[in-house]
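Participant: give me the fold of what follows.
(chains A and B)
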Amino acid sequence: MLSGVHQPDAGTITFDGRPVTIPSPAAAQQLGIATVFQDLALCENLNVIENLFLGRELRGMRLDDVAMEVRSRELLRRLSAKIPKLSVPVAALSGGQRQTVAIARSLLGDPKIVILDEPTAALGVAQTAEVLNLIDRLREGGHGVIMISHNMDDVLSVADTVAVLRLGRNNGVFDAVEATTEQIVTAITGAADNAVTRRKRRARRAVAAGAQEGTGNE
Amino acid sequence: MSDLSTAPPLAEQEQYEPEEPAGLRALVTRFRGGDLGVVPVVAGLVVIWTVMQILNPVFLSSVNLVNLTLECAPVGVIALGVGLMLLVGQIDLSVGSLSGLSAALTAILFVDQGLSPWLAVPASVAAAAIIGLLYALVFNRLGVPSFVITLAGLLGFLGVQLWVLGSKGSINLPYDSGLVTFAQLDFLPSWLSYTLAVVAAGWLFAAGYLRARDRRAAGLPAASLRGLVLRSAVLLAGLGLAVWYLGRARGVGWMFVLFLALVLATHYLLARTRFGKSIYAVGGNVEAARRAGINVKAVYTSVFVLCTSLAAVGGVLAAARLAAANQSTGGGDVNLNAIAAAVIGGTSLFGGRGNAFAALLGIVVIQSISSGLTLLNLNSSFRYMVTGAVLLLAVALDAAARRSRASHGRA
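Facilitator: The predicted model follows:
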């Protein structure tokens, strides 16, 4: 809804202290809300620069590709992106690089808020670390970041505040520094009794009993 | 934009490769990666021309090549529109019928109604544009696949063509009319042909030079002056040779120049405008294009309209070349030749890949086969078979290139 893809049935959206309506993706961008979708929404047959500027190319009737390339490089450099060649089609890039391109594209319009939908879901360990670094840099750069993720490690490593949505309702807001995985998972699943809490309890009991070996607490 | 203050390590900065690594090795790498470009079609053309020349020494004569250029223009213009449709991942099967219908409309308005060709031709093209609009409406609103809509159009508008031609079935265009002389008799004076060749080469150099200057000023890698000069010199030599050789017979026809101009205009549209990028984007990933704020329906609509309009222009050219519009104008193999030309020239059937020059190269291949076999006194049965085989080869190459791209992580 914040991205303007779906419309709310009821309720209000308050942005920068005033109520707003977001009828379309373009409207969201104009407000300063940029979204990186889970499937990235890149055109694989286009190159990096063409993807970055898709739909907002400079000088529509005689494309200014020099300016676009300069801005692309500047942007990717600020994100410390490791993309060696901008003239290759996005199809040739790795998952992490594509994620970087998608995030860089969201930054072109100088948004106030960037929404990342499952940015690490499809990535390997190294690429995940790269993307998490990138999210940190976005925050340091003064952008508000909303990251949607089911990966507790990723959430706790970059988030300041964790909000849990359960079955479409807000089910608790946590401070990321104080909250534990346990608390958050409880809020997600809606039950204090689940695999994570059971394992924690088992581990605690095992420690208390002085049993040192083989408790599977890795 | 707000400042992302953390600077990257110095070693990571500016490790960009030059814009286009030249040389044979880069070409081989590109090839392996499934990026075939124009190489297969040019290679195919060389083979066809060699074989045809061995079979009949008249084939590469100036006279025959002049005819070849003139025969390329009508279907080539149609293929240009089909290429646009393929780029957005759709297809128009009705281009043959539409070209026949607009030929018939032009003939009726021009000969029967006595309108000036300056009114008759635009009116027929406008009629085709409205048909394209209609197609797009059905496509966008009802979501009917384009090949079904245009298959219906293929039959429906063939019917309309036969109906408007009435019982006569054929309308002759006067031989001394501007329309016919344009397609049959009007050739560029040789000084103008050479001037245009020089202008084209100069244009290529100037555009490349200015681009390289801008890129250097912006601190980007740019093409070397030597490369630019070489490129323009090759173009000048090629065009000069072509003009000289065709000039030994009747020269370069205005109709062919019109076709080339349309190809160049389409190329500009695709490569240098926002609209062109949105065409590629829609062909590559519709959903991504939509979320990037592109009005996808508007892109489809304009491509449908462009395709049907170009088909109409091609039909008028065909009628002018024949000096008649009849029931078989746009029938027979026109439809499939136009689609085959776009595909043989390197436009991917899978959408999002290809360019305007595909129509030019593809139609030259098809008309070379056709002309060569005609010179050998082989009838159309052989022409159909050979063209079919070449089309299959082109599509197989396209599919193989796509697989290769996939296995190299580029698709």
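
Participant: quick one, domains of chain A?
Facilitator: Using automatic domain parsing, the domain parsing of chain A gives A:1-31, A:35-149, A:160-218.

Participant: would you map the strands across chain A?
Facilitator: Secondary structure of chain A by DSSP state E: the strands cover A:13-15, A:18-20, A:33-36, A:113-117, A:144-148, A:161-166, A:169-175.

Participant: mean neighbour count, the ones you listed: which tops it?
Facilitator: Greatest average neighbour count among these goes to strand A:33-36 (a mean of 24), per mean count of other C-beta atoms under 10 Å in any protein chain shown. From N, CA and C alone the C-beta is placed, and that goes for glycine too.

Participant: partners of that strand in the sheet?
Facilitator: Note on strand A:33-36: by DSSP bridges, its sheet partners are strand A:113-117 (parallel).

Participant: and the contacts of stretch B:137-155?
Facilitator: With contact meaning C-beta atoms under 8 Å, 6 or more residues apart in numbering or on different chains, stretch B:137-155 is reached by B:85, B:90-94, B:96-98, B:131, B:135, B:297, B:300-301, B:304, B:335.

Participant: ok, of the residues you listed, which one's closest to chain A?
Facilitator: Distance to chain A, by C-beta to the nearest C-beta, is smallest for B:Lys297 among the contacts of stretch B:137-155, at 13.6 Å.

Participant: mind checking the backbone torsions on the closest one?
Facilitator: Per-residue torsions, B:Lys297: phi -60, psi -40 (degrees, to the nearest 10).

Participant: which residue sits closest to it in space, ignoring its chain neighbours?
Facilitator: Spatial nearest neighbour of B:Lys297, chain neighbours left out: B:Asn140 (4.5 Å); criterion: C-beta to C-beta, 6 or more residues apart in numbering or on different chains.

Participant: residues making contact with stretch B:195-203?
Facilitator: B:188, B:232-233, B:235-236, B:239-240, B:242-243, B:257.

Participant: again, only using 10 Å
Facilitator: Under the contact criterion C-beta atoms under 10 Å, 6 or more residues apart in numbering or on different chains, stretch B:195-203 has outside partners B:188-189, B:231-244, B:252, B:257, B:260, B:264.

Participant: just the buried residues of those.
Facilitator: B:188, B:232, B:235-236, B:239, B:243, B:252, B:257, B:260 (16 or more other C-beta atoms under 10 Å in any protein chain shown).

Participant: so which of those belong to helices?
Facilitator: B:232, B:235-236, B:239, B:243, B:257, B:260 (DSSP state H).

Participant: Throw those residues into CSV and include distance to B:Phe350, thanks.
Facilitator: Compiled in CSV, those are given as follows (distance: C-beta to C-beta, whole Å):
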residue, distance to B:Phe350
B:Ser232, 34
B:Leu235, 31
B:Leu236, 36
B:Leu239, 33
B:Val243, 37
B:Val257, 33
B:Leu260, 28
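
Participant: returning to that earlier point: ok, and which of the contacts of stretch B:195-203 reach chain A?
Facilitator: The overlap between the contacts of stretch B:195-203 and the neighbours of chain A (C-beta under 10 Å from any C-beta of the partner chain) is empty.

Participant: so who does residue 94 touch?
Facilitator: Let's take chain A. Shown in contact with A:Ser94 (C-beta under 10 Å, 6+ apart): A:82-83, A:100, A:123-124, A:126-127, A:130, B:409.

Participant: actually, chain B is the one I wanted.
Facilitator: B:Ser94 touches B:101, B:131-132, B:135, B:146-147, B:149-158, B:307-308, B:311, B:330, B:335, counting by C-beta under 10 Å, 6+ apart.

Participant: list buried residues within the residues you listed.
Facilitator: B:101, B:131-132, B:135, B:146, B:149-150, B:153-154, B:157-158, B:307-308, B:311, B:330, B:335.

Participant: coming back round to it: let's see the PyMOL selection covering just the buried ones among the contacts of A:Ser94.
Facilitator: Restricted to buried positions by 16+ other C-beta under 10 Å, the PyMOL selection for the contacts of A:Ser94 reads:
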select buried, chain A and resi 83+100+123+127+130
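
Participant: in a markdown table: the contacts of A:Ser94, plus pLDDT and distance to B:Val121.
Facilitator: Listed next are the contacts of A:Ser94 as a markdown table, based on pLDDT from 0 to 100; distance: C-beta to C-beta, whole Å:
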| residue | pLDDT | distance to B:Val121 |
| --- | --- | --- |
| A:Lys82 | 77 | 56 |
| A:Ile83 | 83 | 50 |
| A:Thr100 | 86 | 52 |
| A:Leu123 | 77 | 57 |
| A:Gly124 | 78 | 60 |
| A:Ala126 | 79 | 62 |
| A:Gln127 | 78 | 58 |
| A:Glu130 | 80 | 59 |
| B:Gly409 | 60 | 49 |
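
Participant: quick check: the farthest pair among the contacts of A:Ser94?
Facilitator: A:Glu130 and B:Gly409 (17.8 Å; C-beta to C-beta).

Participant: how near is the residue in the stretch 51-200 of chain B that chain A sits nearest to to B:Val46?
Facilitator: Per C-beta to the nearest C-beta, the residue of the stretch 51-200 of chain B with the smallest distance to chain A is B:Leu87, at 9.7 Å. Distance of B:Leu87 to B:Val46, computed by C-beta to C-beta, to the nearest Å: 27 Å.

Participant: between those two, which has more neighbouring residues?
Facilitator: Between B:Leu87 and B:Val46, counting by other C-beta atoms under 10 Å in any protein chain shown, B:Leu87 is the more crowded of the two (27 against 10).

Participant: name the spans of chain B whose pLDDT lies under the cut-off.
Facilitator: Chain B contains residues with pLDDT under 70 at B:1-36, B:408-411.

Participant: domains in it, by residue range?
Facilitator: With domains defined by automatic domain parsing, chain B comprises B:40-179+B:253-394, B:187-252.

Participant: so which of those is the most surrounded?
Facilitator: The most buried one of the domains of chain B (mean count of other C-beta under 10 Å) is domain B:40-179+B:253-394, showing a mean of 21.

Participant: all helices of chain A, in order?
Facilitator: Assigned by DSSP H, chain A shows helices spanning A:25-31, A:48-52, A:65-78, A:95-107, A:125-140, A:152-158, A:181-189, A:195-208.

Participant: reformat these as TSV; add distance to chain B.
Facilitator: Converted to TSV, the helices of chain A look like this (distance: least, C-beta to the nearest C-beta, whole Å):
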stretch	distance to chain B
helix A:25-31	5
helix A:48-52	6
helix A:65-78	4
helix A:95-107	7
helix A:125-140	5
helix A:152-158	15
helix A:181-189	28
helix A:195-208	34
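
Participant: most packed of those helices?
Facilitator: The highest mean neighbour count among those, using mean count of other C-beta under 10 Å, belongs to helix A:48-52: a mean of 26.

Participant: show me what the one helix or strand in chain A whose mean pLDDT sits lowest is packed against.
Facilitator: Within chain A, confidence by mean pLDDT, DSSP states H and E is lowest for helix A:195-208 among all helices and strands, at a mean of 73. In this structure, helix A:195-208 packs against helix A:181-189, with contacts taken as 3 or more C-beta pairs under 10 Å, 6 or more residues apart in numbering or on different chains; DSSP states H and E.
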